[in-house]
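Visitor: The following block contains a protein sequence and its predicted model.
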Amino acid sequence: MKDCIFCKIIAGEIPSAKVYEDEEMIVFKDIEPKAKIHLLCVPKDHFALLTEMDEKRAALVARMLRKIADKHAEWGLADGYRLVVNQGENAGQTVHHLHIHVLGGQTLPWD
């Protein structure tokens, strides 16, 4: 999508503080962190909602979750982390490209 900020980051048109990248996903630091460590795990395939997943996209999301689990300690999250996927504007989704927020590095409040 030409107007999608995450697609522009993936294409290298906008710089980001990458912590991981492969052929299917990119993980970078959020520019407006809500925790000491706030990463965004973004698929390179553009889709906005979980309801848009087919089997291929579901497998991609599973790989993204596995990568987070594999890399969490390397990213400073050995003491725990929270995953958030906002779906739709009422849930706070501001970028309409599916992404997983990875938050940690501190004790997180539950509100």
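Guide: Alright, I've got the coordinates.

Visitor: what mean pLDDT does the longest strand belonging to the chain have?
Guide: Determined from DSSP state E, the single longest strand within the chain is strand 37-43. Throughout strand 37-43, pLDDT has a mean value of 98.

Visitor: And the residue nearest the centre of the chain, how far from residue 67?
Guide: In the chain, the C-alpha nearest the mean C-alpha coordinate belongs to residue 41, at 2.3 Å (CA atoms, centre = their mean). Residue 41 sits 7 Å away from residue 67 when distances are taken as CB to CB, to the nearest Å. For glycine as for every other residue, the C-beta is placed from the backbone atoms N, C-alpha and C.

Visitor: same question, residue 18
Guide: From residue 18 over to residue 67 (counting by CB to CB), the distance is 13 Å.

Visitor: Of those two, which one has the most company?
Guide: residue 67 (17 against 12; other CB atoms under 10 Å).
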